[in-house]
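A.B. asks: A structural model of the following input is requested.
(2 chains)
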Amino acid sequence: MGKKSFTNQEIAKLLKQMAAVFEVKNNNFFRARAYTNASIAIANLTTSVQILWQEGKLNEIPGVGKNLSQHLNELFSTGKVKHFNREFKKVPQGMFSLLKIRGIGPKTAYKLSVKFKLNDSATAIKKLKKLIKEKKLKGIKGFGEKLPEKIKSSLNLQAVSSKRMLISTALSIADDFLSYLNSQKSILKAEPLGSLRRHSSTIGDIDIAIRTKNPKEAMNKALKYEEIGKVISSGESVARVKFKTGHEVYFKLSSPQEWGSLLQHYTGSKQHNILLRTLAQSKGMSLSEHGIKNKRGKSKKFKNEKSFYAYLGLSFIPPELREGEDEIKSAQKNKIPKLVKLEEIKGDLHLHSDFKFPSSHDLGASSLFEIFNKARELNYEYLGFADHNPKQAGLTYKGRESILKRRRKYLVTQYQEYEKRVKTRVPKLLIGLEIDIRPNGDLALEDKLINALDYAIVSIHSSFNQDRNKTTKRILSALKHPKAVILGHPTGRMINKRSSIQANWGEIFTFCAKNNKIIEVNADPSRLDLPSDLIKQAIKSNAKFIINSDGHHSSQMKNIKFGVWTAKKGWSKSKDILNTQSLAELINVLNSKAVN
DNA sequence: GCCGTTTTCGGCCCGACTGTTTTCAGTCG
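C.D. replies: Okay, the predicted model is just below:
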């Protein structure tokens, strides 16, 4: 019996392999493409497919229809799909390992694995390396001098990095390159494309658009950037390079006349573009990165994206929403919402202070003055400290009470001191706490001490692997406390490190909406939690959010932008976000006590 | 195998780049 738990990446891989088999064996190109489309959709999905299956929502995945739903059902129920396994047996197993090599697709992988009898996926790559070394690829039809070399260099480059990077990492790499490009005379403007422009939580490759009237010179300059370690490919208008750090960067040149189409095309997502082209097709038009061809084959170019979308009868779709879900249908009906903006954020309620005490988790590192200064820089109207609750072990109730009293005094005294010194535009101070939700749903602090706070953020910091029902009850139980108004980093995920807890989010969102509980969008780039797909779902339940930095250092307060981007990707409007509201409004919500 | 505001049948995104050819196939985004 196979295992019964599958990640999205594992499922995407299975579908990709099926597509490869169909492409080389069954001579069914469109069936192959259907599997490829589903594979891409699943690889980009932030919700676990297995959870969607549990909730009977498999058909909500674009590209997954009746048949694939049945196959996935079989996969989750029995640990395997008989149909898939039958198809896989039609090709040498080594073919699937070769597919991982950049530059080798289904046709080449099949050809090589048949020719050299690469029947074992575990040894196929090793054997291929040996064959290249012994120059045995030369005689094969379609293989000249360069292809073996290309495969060899792909294999050498491959080992470096496989995981997608955090958006914060990608942004800092891109920003350096962009400022280099933007300082070149021949370059009018350079800006990010792809998932970085769509503000995805993780980024694969860094894509850059370059606007120029002199493409030859611009390409020359771009390729001379000192961080470039290797040029993978380069033509007149596009190039792919590898930085010395191992990161792959792709850049694309265009004239000002075609700039709108270029931005649109390479911002993607791929799914979004496929849907756009299907729409264009139904209108007798044809899309490319150069423009739109009408029925009579006449081309129209676009200087900006707005006119491009308008030509297709669509209102402008912000990059954050271009994920190939329902954004095109919304744009057709002129129903794209006005998304929340960074400038609308009026405060941050999840900051950790440097007050020293035996805390259950890590303390903040910056002085309060540094934090107040930063808050003024960000034009905040209010500011809330939510240090972790004092330890349970080794402290008595009296001990905890005394700690929290001293903490309040420290915060208030420092604040008054700062007010005296600075006088103007000093944000209002709120004193909260981030309290652990214990495995049984209790809060890790006595009621009386909780009630003395302005507010409490309640968060899970332990026992992440409880089952779905237990976790759901645990969270709801914690939120029943009148002071527990904010659910901190709800899923507990750490991107690339720890997966989300399993819970019935629909039930939690409904509860929050009904009882004025606020869901945090934690802006720490390694969390981005609540993730955008769940934000989108929660908005449908009328739940409200607060975007917090969770800063343990004043320099992290500016991370709030990552939270805003995540909220945007979840289709949030400013009225969905509590900390776009005035202090009076905020306090009103923090003090509302009704729990049914 | 998926999908639907001309369709539940009959279509299925488009172009750049590379390497091998000499007009095209494969791969990628």
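A.B. asks: what's near enough to touch residue A:107?
C.D. replies: A:23-24 (Cβ atoms under 8 Å, 6 or more residues apart in numbering). (C-beta placed from N, C-alpha, C; glycine too.)
A.B. asks: how about the secondary structure of it?
C.D. replies: State at residue A:107, reduced to three classes by DSSP: H, G, I helix; E, B strand; the rest coil: helix.
A.B. asks: pLDDT wise, what is it at?
C.D. replies: Residue A:107 carries a pLDDT score of 92 in this model.
A.B. asks: pull the longest helix from chain A.
C.D. replies: The single longest helix within chain A, with elements called by DSSP state H, is helix A:397-422.
A.B. asks: if we look at the following helix or strand past it, which residues are touching it?
C.D. replies: Reading on from helix A:397-422 to the C-terminus, the next helix or strand found by DSSP states H and E is strand A:428-436. With contact meaning Cβ under 8 Å, 6+ apart, strand A:428-436 is reached by A:349-350, A:360, A:381-389, A:404, A:407-408, A:411-412, A:415, A:443-445, A:450, A:453-462, A:484, A:488, A:583, A:590.
A.B. asks: equivalent analysis for stretch A:273-292, please.
C.D. replies: A:37, A:252, A:254, A:258, A:261-262, A:264-266, A:293-295, A:299-302, A:308, A:311-313, A:324, A:328.
A.B. asks: span of it from start to end?
C.D. replies: Using Cα to Cα, to the nearest Å, the end-to-end distance of stretch A:273-292 comes to 13 Å.
A.B. asks: distance between stretch A:541-554 and the chain's centre?
C.D. replies: Relative to the chain's own centre, stretch A:541-554 is displaced by 16 Å; criterion: Cα atoms, centre = their mean, to the nearest Å.
A.B. asks: list the buried ones in that stretch?
C.D. replies: Buried residues in stretch A:541-554, counted by 16 or more other Cβ atoms under 10 Å: A:541, A:543-554.
A.B. asks: got JSON lines for those, with distance to DNA strand B too?
C.D. replies: Below are the buried residues of stretch A:541-554 laid out as JSON lines (distance: Cβ to the nearest atom of the strand, whole Å):
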{"residue": "A:541", "distance to DNA strand B": "24"}
{"residue": "A:543", "distance to DNA strand B": "27"}
{"residue": "A:544", "distance to DNA strand B": "30"}
{"residue": "A:545", "distance to DNA strand B": "29"}
{"residue": "A:546", "distance to DNA strand B": "35"}
{"residue": "A:547", "distance to DNA strand B": "30"}
{"residue": "A:548", "distance to DNA strand B": "33"}
{"residue": "A:549", "distance to DNA strand B": "31"}
{"residue": "A:550", "distance to DNA strand B": "32"}
{"residue": "A:551", "distance to DNA strand B": "34"}
{"residue": "A:552", "distance to DNA strand B": "36"}
{"residue": "A:553", "distance to DNA strand B": "35"}
{"residue": "A:554", "distance to DNA strand B": "37"}
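A.B. asks: relative to residue A:400, which of these is nearest.
C.D. replies: Checking the buried residues of stretch A:541-554 against residue A:400 by Cβ to Cβ gives residue A:552 as the nearest, at 21.3 Å.
A.B. asks: any idea how far residue A:412 is from that closest one?
C.D. replies: 21 Å (Cβ to Cβ, to the nearest Å).
A.B. asks: pretty sure residue A:565 sits against residue A:320.
C.D. replies: Yes. Using Cβ atoms under 8 Å, residue A:565 is in contact with residue A:320, at 6.5 Å.
A.B. asks: neighbour count: these two, which is higher?
C.D. replies: A count of neighbours by other Cβ atoms under 10 Å puts residue A:565 above the other of residue A:565 and residue A:320, at 26 against 22.
A.B. asks: which non-adjacent residue is nearest the more buried one?
C.D. replies: residue A:199 (3.7 Å; Cβ to Cβ, 6 or more residues apart in numbering).
A.B. asks: helix, strand, or coil at the one you found?
C.D. replies: Going by three-state DSSP: residue A:199 is coil.
A.B. asks: is it true that it touches residue A:170?
C.D. replies: No. Using Cβ under 8 Å as the test, residue A:199 is too far from residue A:170 to be in contact (10.4 Å).
A.B. asks: who's more crowded, these two?
C.D. replies: Between residue A:199 and residue A:170, counted using other Cβ under 10 Å, the more crowded position is residue A:170 (25 against 22).
A.B. asks: that one: what's it in contact with?
C.D. replies: Contacts of residue A:170 by Cβ under 8 Å, 6+ apart are A:196, A:203, A:206, A:247.
A.B. asks: and residue A:109, by the same measure?
C.D. replies: A:20, A:95-96, A:98-99.
A.B. asks: returning to what we had before: in helices only, show me the contacts of stretch A:273-292.
C.D. replies: A:37, A:261-262, A:264-266, A:308, A:311, A:328.
A.B. asks: domain assignment for chain A?
C.D. replies: A:8-160, A:165-254, A:259-332, A:342-590 (automatic domain parsing).
A.B. asks: so how far is the first one from its chain's centroid?
C.D. replies: Per Cα atoms, centre = their mean, the displacement of domain A:8-160 from the mean C-alpha position of its chain is 24 Å.
A.B. asks: returning to what we had before: just the ones in helices among the contacts of stretch A:273-292 that are near DNA strand B?
C.D. replies: A:37, A:266 (Cβ under 7 Å from any atom of the strand).
A.B. asks: out of the ones in helices among the contacts of stretch A:273-292, which comes closest to residue A:498?
C.D. replies: residue A:37 (29.9 Å).
A.B. asks: if we ignore the residues flanking it in sequence, what's nearest the closest one?
C.D. replies: Residue A:37 sits nearest to residue A:63 (Cβ to Cβ, 6+ apart), 4.1 Å away.
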